[in-house]
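[1] Following is a predicted model, sequence given first.
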Amino acid sequence: MIDTDRPAFGALLLRLDTAYEKKASALRAAEYWDQLKDIPIGLLTDAVSQHIRDARTFPRISDLRSAADKLADNRDTSRPLLLPAAPAREPETDAHGLPVYHYHCSNCHDTGLEFLPDDPKRQPTVRPCHCARTNPKLQPVKRYASKNTDVRRPW
Ligand SMILES: [Zn+2]
């Protein structure tokens with residue numbers, strides 16, 4: 001698993017908590033993540049499903065590891081995987097033949113800042129856009145800003 005699998009991993013733990021009526025624990029989640037993060041998320045998902053089907057008690061880390069190991073062993077690797085070819089797609093262009101850029105947020109054009117009509121009495125004339133917390137195109141910028149304290153963060 002990689003960092004972007006964390007939400008999916010959290011959902012897996014939630015499934016386990018629900019299935020075994022166990023109280024969620026941030027400490028347990030952190031330990032499970034540390035000890036299981038070398039397992040691909042797809043494989044771990046299958047291991048969790050199998051455990052929920054077969055076992056009566058909440059899985060230990062070692063239970064999930066061995067279930068994932070067994071599943072990986074059972075996967076037939078003698079036959080090549082048949083993957084569909086990616087469809088060829090022409091890039092979208094506008095009337096001038098320039099590539100079209102799709103903004104995630106048309107309100108701020110993914111800057112995270114909304115420009116307010118000029119009003120000399122009011123400062124500043126920008127404010128954080130409503131998308132600033134969730135806009136995926138802004139997240140890399142925000143990550144950079146959080147690691148570099150010398151840049152100002154408007155959001
Ligand atoms: Zn926005």
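    Now that the structure is in, tell me what you want to look at. Small disclaimer: the values here were computed from a predicted structure and weren't measured.

[2] all contacts plus neighbour counts: C-alpha atoms, from now on.
    OK.

[3] Skip the chain neighbours and tell me the closest residue to A68.
    Once flanking residues are discounted, A68 sits nearest to A47: 5.1 Å by C-alpha to C-alpha, 6 or more residues apart in numbering.

[4] Domain-wise, how is the chain divided?
    Taking automatic domain parsing as the criterion, the chain consists of the domains 3-74, 92-149.

[5] Generate JSON lines for those domains, with mean neighbour count and distance to the ion as supplementary columns.
    Formatted as JSON lines, those follow (neighbours: other C-alpha atoms under 10 Å; distance: least, C-alpha to the ion, whole Å):
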{"stretch": "domain 3-74", "mean neighbour count": "14", "distance to the ion": "22"}
{"stretch": "domain 92-149", "mean neighbour count": "13", "distance to the ion": "4"}
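
[6] CSV for those, including mean pLDDT?
    As requested, the domains of the chain are exported to CSV (pLDDT from 0 to 100):
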stretch, mean pLDDT
domain 3-74, 93
domain 92-149, 79
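
[7] could you pull out the strands for this structure?
    Ranges of strands in the chain, per DSSP state E, are 113-115, 126-128.

[8] got a list of contacts for the first one?
    Outside of strand 113-115, the residues within contact range by C-alpha atoms under 8 Å, 6 or more residues apart in numbering are 107-108, 125-129, 132, 154-155.
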